[in-house]
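[1] just a sequence and a predicted model for now, questions to come.
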Amino acid sequence: MSQKIGLEIHGYIDTKEKLFCTCKSEHGAKFAKPNINICPICTAQPGCKPMPPNSSAIEKAIQIALILKCKINNQLNFQRKHYSWPDLPKGYQNTLSGPHAIPVGEKGEFLGIKIRECHLEEDPAAWNPKTGEIDYNRSGTPLIEIVTEPDFKDSEQVEEWLKQLITALGYVKAIDKKAGIKSDVNVSIPETNHTRIEIKNVNSITNIKNSIDIEIKRQEKELPIKQETRRFNPEKQTTEKMRSKEEAQDYRFISDPDLPTINLTKSRIDSLKKTIPETPKQKLEKLIKKHKIQKKSAEILTKNIDLIELFEKIIQKVNPQLATRWVTEELLSVLNYNKISLEDTDIKPEHFIELLELIENKYLTELKAKDILRTWKEKSESPKKSAKSQSQITDDKQILEWVKQAIKKSTKAVEDYKAGVQKALNFLIGDVMQISNKRANYQKVKELLEKELE
């Protein structure tokens with residue numbers, strides 16, 4: 001009998017507006033100054049009532065539930081979850097959780113872990129207990145909460161599962177990746193008859209993993225008798241008691257009379273089902289089995305929906321092995337160098353296909369093709385436009401002339417090569433490519449250099 005671990009994962013739904021008002025859904029130091037994306041609704045001014053729930057947030061919550069194979073419920077009723085805390089100006093949080101609530105989705109499964117439910121709720125404001133300052137930019141931001149059953153056996157399983165979950169949710173572009181996730185972690189060990197200890201608001205996968213390991217060791221030494229809520233201290237690498245575990249009645253859940261029942265029609269749910277792509281696991285298996293892509297490259301491709309969709313379009317016209325190298329190595333190198341993601345640039349599949357066909361047909365050298373790719377950091381253009389002035393040169397006479405120039409220029413490299421230093425040849429080849437503006441045929445350069453050096 002092993003320990004039981006369950007998660008209550010919170011992620012910010014990627015929407016332009018908050019859940020019950022039209023304020024921008026932007027918060028945190030990276031996004032905006034404090035208290036500028038606010039209005040009387042999200043700061044709970046007297047007499048202000050919520051607007052109807054953000055339909056985009058509801059649909060993205062449904063998409064998340066569908067990815068997790070949940071049963072989608074047809075009627076949703078927002079509850080008031082009462083508690084008194086400085087970050088909650090209304091004195092309650094609007095949520096689709098609680099003893100009388102109906103979540104967006106329930107009874108799902110993801111990679112062998114059962115999903116109890118997925119529900120939508122609003123986030124409180126950001127309160128700094130040290131300074132007493134409150135930033136209401138976050139107040140009312142739509143959150144998805146994914147509640148698992150306590151099916152995890154150890155922290156390594158949790159870590160890998162969360163990575164896969166974030167990748168899968170990225171496929172429907174429902175979660176704000178920049179804002180990250182946080183999780184309440186529930187841990188119990190058999191020695192205490194599985195007395196449940198909850199660790200609140202652990203952010204980052206690394207901290208979630210560490211908090212589990214630390215809490216298991218603590219419970220094995222202290223053997224907790226009663227349920228309680230703790231916090232994780234990443235600086236001290238400890239968990240610290242906050243309070244006794246609350247029960248549902250402590251929150252005094254009631255239906256919110258200011259918010260209407262949301263009726264989800266079958267046609268609306270069916271329409272959203274059609275937007276759900278294959279899972280990363282399905283795409284990974286197809287790349288390996290159907291297209292014979294190496295597992296390591298396939299895993300890189302399936303980490304991002306934009307990347308894999310671009311790749312799938314390219315290999316309809318281009319050799320998959322060539323496409324793999326150019327997408328996973330050359331394209332990602334350009335994106336990483338410019339510190340952007342694929343969705344930040346407008347690269348057309350047809351332009352990428354043209355570029356690879358010019359390489360396959362030996363019209364462009366790979367070095368020249370890389371130069372063209374580097375210009376696509378904002379958007380791509382047809383490489384055929386510039387290919388005429390950058391086409392590959394295979395004429396022996398012209399290449400021999402460049403070879404002789406390189407030999408004359410780099411006498412030290414010539415001496416090293418004749419002394420048996422093989423890498424000196426690569427240096428000389430580089431010289432020829434530089435002299436030819438990267439247009440000389442690589443194989444002919446190598447052959448003519450070796451012949452001249454003999």
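    Structure's in. What do you need?
[2] so what's I205 up against?
    159, 162-163, 181 (Cβ atoms under 8 Å, 6 or more residues apart in numbering). All C-beta atoms are positioned from the backbone trio N, CA, C, and that covers glycine.
[3] try it again with 6 Å
    159, 162 (Cβ atoms under 6 Å, 6 or more residues apart in numbering).
[4] now do the same for it: its pLDDT.
    We have a pLDDT of 93 for I205.
[5] measure it to L259 for me?
    To L259, I205 is 34 Å away according to Cβ to Cβ, to the nearest Å.
[6] can you list contacts of the lowest-mean-pLDDT helix or strand in the chain?
    Least confident helix or strand of the chain, by mean pLDDT, DSSP states H and E, is helix 384-390 with a mean of 73. Under the criterion Cβ under 6 Å, 6+ apart, residues 354, 358, 368 lie in contact with helix 384-390.
[7] buried residues in the longest helix along the chain?
    Longest helix of the chain, by residue count under DSSP state H: helix 205-222. Within helix 205-222, the residues scored as buried using 16 or more other Cβ atoms under 10 Å are 205, 207-212, 214-216, 218-219.
[8] re earlier: among the contacts of helix 384-390, who's most crowded?
    In terms of neighbour count, K368 stands highest of the contacts of helix 384-390 at 24 neighbours, by other Cβ atoms under 10 Å.
[9] that residue and L355, how far apart?
    Taking Cβ to Cβ, one finds K368 at 10 Å from L355.
[10] repeat that for K362.
    13 Å.
[11] have a look at these two and say which one is more surrounded.
    Neighbour count, other Cβ under 10 Å: between K362 and L355, L355 has more, with 25 against 12.
[12] what strand or helix carries that one?
    helix 349-360 (DSSP states H and E).
[13] same check, this time on D431
    helix 423-435.
[14] which other helices and strands contact that helix?
    With contacts taken as 3 or more Cβ pairs under 6 Å, 6 or more residues apart in numbering; DSSP states H and E, helix 423-435 sits against helix 396-409, helix 411-418, helix 442-453.
[15] looking at the ones you listed, which is nearest to K71?
    When the helices and strands packed on helix 423-435 are compared by Cβ to Cβ, helix 442-453 sits nearest K71, at 58.2 Å.
[16] ok now that closest one, how far from the chain's centre?
    On the basis of Cα atoms, centre = their mean, to the nearest Å, helix 442-453 sits 46 Å off its chain's mean C-alpha point.
[17] same check on stretch 361-378?
    28 Å.
[18] what about that stretch, start to end distance?
    One end of stretch 361-378 to the other measures 27 Å (Cα to Cα, to the nearest Å).
[19] which residues does T22 contact?
    So T22 contacts nothing (Cβ under 6 Å, 6+ apart).
[20] what about it, is that helix, strand or coil?
    Counting by DSSP: H, G, I helix; E, B strand; the rest coil, the backbone at T22 sits in coil.
[21] what does the one 5 residues further on give?
    Secondary structure for H27, judged by three-state DSSP, is coil.
[22] what's the pLDDT at it?
    Note for H27: predicted pLDDT of 80.
[23] repeat that for the one 5 residues further on.
    A32 carries a pLDDT value of 70.
[24] one more: T95?
    So, for T95, pLDDT stands at 95.
[25] and what of N74?
    N74 is given a pLDDT of 93.
[26] measure it to I262 for me?
    Look at N74 and I262: by Cβ to Cβ, they are 9 Å apart.
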